[in-house]
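1. Sequence first, then the predicted structure:
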Amino acid sequence: MRNIVLSYGGLRVMSADLDISISENPNFRFYVVPEQGGSVLTAGEQDSDDKRFQAKQEVQPLGYSPQA
(Lines give C-alpha, C1' and ligand atoms only; values in the text may rest on other atoms or scores of the structure.)
Protein backbone atom coordinates (compact mmCIF):
# COMPACT_ATOMS: atom_id res chain seq x y z
CA MET A 1 0.00 0.00 0.00
CA ARG A 2 1.34 3.41 -0.94
CA ASN A 3 -1.21 5.67 0.74
CA ILE A 4 -4.59 5.70 2.43
CA VAL A 5 -7.08 8.52 3.02
CA LEU A 6 -10.12 8.28 5.32
CA SER A 7 -12.90 10.87 5.08
CA TYR A 8 -16.07 11.35 7.11
CA GLY A 9 -18.88 13.52 5.81
CA GLY A 10 -16.56 14.77 3.06
CA LEU A 11 -13.82 15.90 5.50
CA ARG A 12 -10.46 14.14 5.80
CA VAL A 13 -10.03 12.51 9.22
CA MET A 14 -6.85 10.52 8.57
CA SER A 15 -4.26 10.05 5.87
CA ALA A 16 -1.00 8.16 5.67
CA ASP A 17 1.77 7.95 3.07
CA LEU A 18 3.50 4.62 3.52
CA ASP A 19 6.97 3.67 2.35
CA ILE A 20 7.35 0.43 4.28
CA SER A 21 6.03 -3.06 3.60
CA ILE A 22 2.79 -3.84 5.40
CA SER A 23 0.56 -6.89 5.40
CA GLU A 24 -1.95 -7.60 2.66
CA ASN A 25 -4.78 -6.98 5.12
CA PRO A 26 -3.47 -4.25 7.47
CA ASN A 27 -5.22 -2.97 10.58
CA PHE A 28 -5.22 0.79 11.22
CA ARG A 29 -6.82 2.36 14.29
CA PHE A 30 -8.17 5.87 14.37
CA TYR A 31 -10.93 7.65 16.25
CA VAL A 32 -13.69 9.85 14.90
CA VAL A 33 -16.83 10.97 16.74
CA PRO A 34 -19.87 11.10 14.42
CA GLU A 35 -21.96 14.21 15.02
CA GLN A 36 -24.96 13.28 12.92
CA GLY A 37 -26.58 10.19 11.49
CA GLY A 38 -26.36 9.10 7.90
CA SER A 39 -22.87 10.38 7.16
CA VAL A 40 -20.48 8.18 5.20
CA LEU A 41 -16.97 7.08 6.17
CA THR A 42 -14.90 6.63 3.00
CA ALA A 43 -11.55 4.86 2.70
CA GLY A 44 -9.48 5.40 -0.44
CA GLU A 45 -6.25 3.52 -1.05
CA GLN A 46 -3.53 3.39 -3.67
CA ASP A 47 -1.24 0.36 -3.70
CA SER A 48 2.37 -0.01 -4.79
CA ASP A 49 1.19 -1.05 -8.29
CA ASP A 50 -0.79 2.23 -8.60
CA LYS A 51 -4.12 0.38 -8.31
CA ARG A 52 -6.80 2.39 -6.51
CA PHE A 53 -9.48 1.02 -4.19
CA GLN A 54 -12.36 2.68 -2.36
CA ALA A 55 -14.84 1.54 0.26
CA LYS A 56 -17.75 3.36 1.92
CA GLN A 57 -19.65 2.72 5.14
CA GLU A 58 -22.60 4.64 6.58
CA VAL A 59 -21.86 5.62 10.19
CA GLN A 60 -24.32 6.48 12.96
CA PRO A 61 -23.48 8.31 16.22
CA LEU A 62 -23.48 6.27 19.42
CA GLY A 63 -27.02 6.10 20.74
CA TYR A 64 -28.50 7.26 17.41
CA SER A 65 -32.15 6.46 17.01
CA PRO A 66 -33.91 7.40 13.76
CA GLN A 67 -37.17 9.30 14.15
CA ALA A 68 -40.17 7.12 13.32
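-> Okay, I see it. Numbers count the residues shown, from 1 in each chain.

2. beta partners of the closest residue to residue 12 other than its chain neighbours?
-> Nearest-residue entry for residue 12: residue 5, 6.3 Å, with adjacent residues in sequence omitted and distances by Cβ to Cβ, 6 or more residues apart in numbering. Just so you know, the C-beta spots here come from the backbone N, C-alpha and C atoms, and that holds for glycine as well. When bridges are taken as DSSP bridges, the partners of residue 5 come out as residue 15, residue 44.

3. pLDDT below threshold where in the chain?
-> Along the chain, segments meeting pLDDT under 70 span 1, 36-38, 63-68.

4. you'd agree the residue nearest to residue 12 is up against residue 52?
-> No: with contacts defined as Cβ atoms under 8 Å, residue 5 does not count as touching residue 52, sitting 10.7 Å away.

5. So between the two, which is more surrounded?
-> A side-by-side neighbour count of residue 5 and residue 52, using other Cβ atoms under 10 Å, places residue 5 first with 16 against 9.

6. show me what contacts the more buried one?
-> Remark: with contacts taken as Cβ atoms under 8 Å, 6 or more residues apart in numbering, residue 5 is in contact with 12, 14, 15, 43, 44, 45.

7. That one and residue 62: what is the separation?
-> Taken as Cβ to Cβ, to the nearest Å, the spacing of residue 5 relative to residue 62 amounts to 24 Å.

8. just residue 48 next, same as before
-> Relative to residue 62, residue 48 is positioned 36 Å away (Cβ to Cβ).

9. repeat for residue 56
-> Residue 56 sits at a distance of 20 Å from residue 62 (criterion: Cβ to Cβ).

10. The two: which is more packed in?
-> Legend: neighbour count by other Cβ under 10 Å for residue 56 and residue 62, higher for residue 56 (11 against 6).

11. Tell me the bridge partners for that one.
-> Going by DSSP bridges, residue 56 is paired in beta bridges with residue 42.

12. measure the residue nearest to residue 12 to residue 61 for me?
-> Counting by Cβ to Cβ, the gap between residue 5 and residue 61 amounts to 22 Å.

13. Same question for residue 19.
-> Noted for residue 19: a distance of 35 Å to residue 61, by Cβ to Cβ.
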